[in-house]
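> Sequence first, then the predicted structure, then my questions.
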Amino acid sequence: MLSSASLIGAVVSAVLALGPVSAPTKGTDRADEPSHPVMRIALTTSTGSPTELASAGLDKLPLSSGQASGRPLNPLNLWLSAQNDAKKSSAATPSAKEGRKETLSTKEGATQSPSSTQGVEGESSSLSPLSSSPDALIKDTKVLTEPLEVSDFFVAGFIWDDSAASTDERTFLIRVREGQTWSDWYEIERDSDTRPDDAQEASGTEPFVTAGATGVQILVAGAEEMPKNLELVLVPENAEGEKILEESEIETTNAGGTPLNEPLDQSNDEGLYDSFSEASGAASSLRQAASSSENASSQESGAASASDDATPVLEPSWGAPKPTGRGIGAKSSAFLRSLFPATTTANGLPIPVVTRSEWGGSASEPYDWGAEYSYAPFVVVHHTVGTNNYTCSQSHSIVRGIYQYHAYSLDWGDIGYNFLVDKCGQAFEGRWGSLNSSGGNMVAAGHSLGFNTGTMGISMLGNYTSVAPSNETLSSVGALAGWHLDKAGVSPSSSGVYVSRGNGKYPKGTAVTLPRISGHRDNGYTACPGDAAYPLLWKVRQAALEVSSSAIEGTPGAPIAVTGQWVADGETWYFRTSSSNSYVSNTWALINNEVYFFDWSGRVLTGWYAFRGNWYYLDPSGALHKGELSIQSGTYMLDESTGAMFTGWKQEGTGWRYYKPDGARAYGWTAVGSNWYYLDPASGIMQTGQQTIKGKTYLLYSSGEMASGWVKDESGWRYYGADGAQVGGWAKIGGEWYYLDPQTGVMQSGRLSINGVTYFLAASGQVQYGWYAHNGNWFYLHPSDGAMLTTWVAVNGTWYYMEPDSGQMRTGWLQLGDVWYYLDGSGAMRTGWLQLGNRWYYLDASGAMRTGWLQLGNRWYYLDASGAMRTGWLLLGNTWYYLDSSGAMVTGTQSIDGVSYSFTASGALR
């Protein structure tokens, strides 16, 4: 929602001047994009005191000699430039007492409807230029940062803890740097009138939209008491998680002065209902006034509208096609279908809509904000606050940013709008359940406090206070509104009574008469949807009428037969009937055995046109096309009887073809639901079986679905990756390693030698690690890569010996060269004393068997050539020794078998 501070920056060029935007392609997913944390910058403490960063801008300004307190005379004099006096003086508005006038000045040479800013039943809207005057800002500024250098962000906003603290008299200002240019200062409204009906009192502002800013400066002015834990929230592209930026992490930068962005000064002295008509033929003077206002804005901004051509015949219209163009309802939609193909036209949508899954929203119902459906015969139009400099390829990121801010920063659980439309006319699904609402019902959102239930909220991505929205935007908003109101069974040009659930403007239980398509300011104290957009709501209503089936006579399958004469006005064709001498309009007509459609202005339409949930194509001559259609955007199949565009699977001859949701025949890789299919690039015929595509092998089931994961056939198991390609060689799947034949893709098992290294794979294919038994033998496989180890292997401090060739674990005596080792039944190498049968052996610390004399401590032992420990009498050369029963050599006088012997210290018998 936009505050009364306005955008006076450049208007975006017409959408036809923009380059195409890439849609997600096969294999891409939001999860593949790098994520960035939401940045939070503390501005006040838990007691409401400004942080050092928040007051740095005030502290560094020059002091005024006239200020005893030491505060600067003008705390903004470094960064706030002078206002545009011409802009201030150009908004003189006649009061109601002076009598009604058809137009009033908004800018030099521009006009608009005198009722453009009216509230319901003549009540004034709250449209002050700023919550605080510039003088008040100078006096009451409490927070002023220096210009800050930050990472890219698309959406910004203020949040705080104490929702009960009054912020009604507080002004929040922001400016951002996009590229190398600093924007004007913008005021962001507190979201008091934009939140779910059951949400707590607002503790945040509206989101502020950028084109990917890398610099920011903020100002907060108002009452002495500041909100507690006031923070600036900056939402980047593909946000995930949050990071509280410490002051030491934030760098400052230089910035010159820029002005406050103020809206046009307009009075509210005319009734709301002067801005729209019950019938499709609204007052010509009013349309001309609003059209003049739009043209003036476009001229000032340099934008070239695709519908600026004058219309000399019949009533003025907008967006109507030339014979080679497209109709209003189909114009932007057909264009967008080629530009943004990742969309849906399900549920009878007249235009493509980017679904939540495509822009990155949660696909499941928010657990903390359940869907509540109710009959909704009203549409409320909004706009956002921001710089208007975004490109249409950035719209996905902006919508994700608003979702992140609403759902998590403000803790709503979901985005607050049912739908959003960017300046190219690209439409986005908003609140969960909006696209699935049926029968005139709509899921309650959080776009208009007290008026959320029983309405559908559409927000235009842009600041439309002083710059008019594009025809593409208005067309898409109108198409969505007409689609919904048609299901609700009400005319877009009618009005009805809504009973408020309670907000600042209308207490609970107040019955309010509203047009079926109204602006946010009609039911709340806000400037939304902007002073430049509000007088153009008649265009939204007109676009809604054109997609509303109730206003059109005949159908493509049952047209109204007429006779008469074709009339040309330049490149525009009309048909005048011979019976009434009037022009055919809002009618499917049969003329000389050809079916044509004439819009509300009487023009014959060409190109794509949406009608009652179906798409039709009208040839350059205007005739309804039937059968196969090949045009620049693709090949389509149109019903041979009615001309309705076909979508989905269609059997043609012996094969199947698929027509995408936009109707174009699919070729190559195509996703249908959660499955992928491959359709011949030349014929579009669905392929089956094993296919080699660009050097990769794929398996397509008989139903055409691309295989993924494990698949078994007569040759064994094969694995197909997430992209469907057959995997060969080493592959880590589900945390386990497998080896698949590089040529055939068949999974291997058992003992396998690869590049001279031996591995063991289980029957289920997984690489084995550590101790592994195979055919009665034990092997040891490296614990990290599974390679079979040979010779000496230490496991948990114990040594084992594996045969060099086979890798089998050895047991028993092992001779390596001249050295003997002993490996017990478990394969463990033994050390120290070893008893085998009635013999003792000694193995040193290296495991080597000892022979000859052995000293252990102060004792000597003798081990013969076989390693066996000797006892009793021992003759070595000519010397006798005696070893007791423990094997220890004796010395001194010893009694042996009753005889006394004497031994030297070296054990020799004397």
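Yes, it's here. Numbers count the residues shown, from 1 in each chain.
> tell me the contacts of the residue nearest the centre of the chain?
Centroid-nearest residue in the chain, with Cα atoms, centre = their mean: Gly360, separated by 2.7 Å. Applying Cβ atoms under 8 Å, 6 or more residues apart in numbering to Gly360 gives the contacts 30, 238, 396, 400, 403. Backbone N, C-alpha and C define where each C-beta goes, glycine included.
> moving C-terminal of the helix or strand the third one falls within, what's the next helix or strand?
Translated: His396. Under the criterion DSSP states H and E, the helix or strand holding His396 is helix 395-404. Sequence order places strand 419-421 as the next helix or strand after helix 395-404, per DSSP H and E.
> Note down every partner strand of that following strand and its orientation.
Partners of strand 419-421 in the sheet, by DSSP bridges, are strand 427-429 (antiparallel), strand 455-460 (parallel).
> Figure out which of the ones you listed is closest to Ala787.
strand 427-429 (52.7 Å; Cβ to Cβ).
> Can you name the next helix or strand after the closest one?
strand 441-443.
> Quick one: list the elements packing against that next one.
The contact analysis (3 or more Cβ pairs under 8 Å, 6 or more residues apart in numbering; DSSP states H and E) places strand 441-443 against strand 373-375.
> ok, back up a step: is it possible to mark the buried ones in the contacts of Gly360?
Among these, those classed as buried by 16 or more other Cβ atoms under 10 Å are 238, 396, 400, 403.
> now the stretch 801-910 of the chain, which segments are flagged as low pLDDT?
Within the stretch 801-910 of the chain, the set of residues satisfying pLDDT under 70 is empty.
> can you give me the strands for it?
812-816, 819-823, 832-836, 839-843, 852-856, 859-863, 872-876, 879-883, 892-896, 899-903 (DSSP state E, counting those that start in this stretch).
> Need these in a markdown table (columns: distance to Gly504 and mean neighbour count).
Below are those laid out as a markdown table (distance: least, Cβ to Cβ, whole Å; neighbours: other Cβ atoms under 10 Å):
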| stretch | distance to Gly504 | mean neighbour count |
| --- | --- | --- |
| strand 812-816 | 92 | 12 |
| strand 819-823 | 88 | 18 |
| strand 832-836 | 91 | 12 |
| strand 839-843 | 93 | 18 |
| strand 852-856 | 98 | 12 |
| strand 859-863 | 102 | 18 |
| strand 872-876 | 113 | 12 |
| strand 879-883 | 110 | 17 |
| strand 892-896 | 115 | 11 |
| strand 899-903 | 116 | 12 |
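> of the ones you listed, which approaches Thr606 most closely?
Among those, the nearest to Thr606 by Cβ to Cβ is strand 819-823 (90.8 Å).
> Packing partners of the closest one?
Against strand 819-823 (3+ Cβ pairs under 8 Å, 6+ apart) you get strand 798-802, strand 812-816, strand 839-843.
> Please name the nearest non-neighbouring residue to Thr572.
Using Cβ to Cβ, 6 or more residues apart in numbering and skipping residues adjacent in sequence, the residue nearest Thr572 is Arg603, 5.5 Å away.
> Need the pLDDT of that neighbour.
For Arg603, the pLDDT comes out at 86.
> List the strands paired with the longest strand seen in the chain, with their directions.
For the chain, the strand with the greatest residue count under DSSP state E is strand 208-221. Take DSSP bridges as the rule and strand 208-221 pairs in its sheet with strand 141-144 (antiparallel), strand 148-159 (antiparallel), strand 171-178 (antiparallel), strand 385-386 (parallel).
> Also compute the angle for it relative to helix 395-404, please.
50 degrees (axes from the mean of the first three to the mean of the last three Cα atoms, to 10 degrees).
> What's the first helix or strand after strand 208-221?
Next helix or strand after strand 208-221 toward the C-terminus (DSSP H and E): strand 231-235.
> That next one: what's the following helix or strand?
From strand 231-235, the next helix or strand downstream (DSSP H and E) is strand 239-245.
> In that next one, which residues are buried?
By 16+ other Cβ under 10 Å, the buried positions in strand 239-245 come out as 239, 245.
> Number the residues from 20 up from this point.
OK, 20 is where the count begins now, so the last one is strand 258-264.
> ok, and what's touching it?
By Cβ under 8 Å, 6+ apart, the list of residues contacting strand 258-264 from outside reads 54-61, 169, 419-420, 423.
> Could you list the alpha-carbon positions for it in PDB?
Extracted in PDB, the C-alpha atoms of strand 258-264 (Å, rounded to 0.1, in the frame of the first residue of the first chain):
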ATOM      1  CA  ALA A 258      15.400 -15.000   0.900                       C
ATOM      2  CA  GLU A 259      16.100 -17.700   3.300                       C
ATOM      3  CA  GLY A 260      16.700 -17.200   7.000                       C
ATOM      4  CA  GLU A 261      17.500 -13.900   8.800                       C
ATOM      5  CA  LYS A 262      20.600 -12.100   9.800                       C
ATOM      6  CA  ILE A 263      20.700  -9.200  12.300                       C
ATOM      7  CA  LEU A 264      23.400  -6.900  11.000                       C
END
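> Following the chain onward from that strand, which element is next?
Sequence-wise, the next helix or strand downstream of strand 258-264 (DSSP H and E) is strand 270-271.
> What is the least confident helix or strand in the protein?
In the chain, no helix or strand scores lower on mean pLDDT, DSSP states H and E than strand 123-124, which sits at a mean of 28.
> where's the residue nearest to the centre of the chain relative to Ile417, distance?
Distance, Gly379 to Ile417, using Cβ to Cβ, to the nearest Å: 11 Å.
> low pLDDT regions in this structure?
If you take pLDDT under 70 as the line, the chain has these spans: 20-52, 79-97, 99-158, 181-187, 210-221, 281-367, 386-387, 568-570, 619, 632.
> just so I have it, where are all the helices in it?
Remark: helices assigned in the chain by DSSP state H are 71-78, 104-108, 153-159, 303-320, 347-358, 375-378, 414-423, 490-507, 556-566.
> My guess is Pro396 contacts Leu504. True?
Yes. Contact criterion Cβ atoms under 8 Å: Pro396 and Leu504 qualify, at 6.8 Å.
> shared neighbours of the two, which are they?
Residues touching both Pro396 and Leu504 (Cβ under 8 Å, 6+ apart) are Arg535.
> The two: which is more packed in?
Neighbours were tallied for Pro396 and for Leu504 using other Cβ atoms under 10 Å; the higher tally belongs to Leu504 (28 against 21).
> which residues sit in contact with that one?
Leu504 makes contact with 396, 398, 510-511, 535-536, 563, 567, according to Cβ under 8 Å, 6+ apart.
> Cross those residues against strands and list the overlap.
The strands in this structure, assigned by DSSP E, contain 398, 536 from the contacts of Leu504.
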